[in-house]
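> from the sequence below, what's the structure:
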Amino acid sequence: MPYRLGDDVDDYCIKCKRITNHAIVSLMAEDPAKVRCRTCYNDHDFRRCEIPPSKKDLKKMQLFNEVLAGSGAPPAAEDAAPAEPDDAAKPAKKSKKK
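Sure thing, here's the model as predicted:
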């Protein structure tokens, strides 16, 4: 179905946060590129009714992928040698006498 400028399409509006009627503002290779929401008049890219994941879900997926990749594992004992305290580098505390 060839689209034309001004045609109505359903799409997810990022400002209204719901699927609403949109008017086609620009076309690219016979597909809508930009659309305008008929409720709030916000222009945005055509998303084909795909609701983007929330930031909370993106964070969960990132942590999940890190655990699967093994980047969340603690370092090996031989790699993490304990640091020796350097007493010479610390200044001596002065005691106050009353």
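
> and the biggest strand by length in the chain, which strands flank it?
Ranked by residue count, the top strand of the chain under DSSP state E comes out as strand 18-28. In the sheet, strand 18-28 lines up against strand 8-13 (antiparallel), strand 31-37 (antiparallel) (DSSP bridges).

> so where's this structure uncertain?
By pLDDT under 70, the low-scoring segments of the chain are 1, 71-95, 97-98.

> can you put the strands paired with strand 18-28 in a markdown table and add mean neighbour count and distance to Lys59?
Every residue, glycine included, has its C-beta placed from N, CA and C. Compiled in a markdown table, the strands paired with strand 18-28 are given as follows (neighbours: other C-beta atoms under 10 Å; distance: least, C-beta to C-beta, whole Å):
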| stretch | mean neighbour count | distance to Lys59 |
| --- | --- | --- |
| strand 8-13 | 16 | 21 |
| strand 31-37 | 17 | 28 |
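
> quick one, which of those strands is nearest to Leu63?
Smallest distance to Leu63 across the strands paired with strand 18-28 (C-beta to C-beta): 25.7 Å, for strand 8-13.

> picking that back up, let's have the strands paired with strand 18-28 in a markdown table, adding distance to Lys96.
Shown next, in a markdown table, are the strands paired with strand 18-28 (distance: least, C-beta to C-beta, whole Å):
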| stretch | distance to Lys96 |
| --- | --- |
| strand 8-13 | 68 |
| strand 31-37 | 71 |
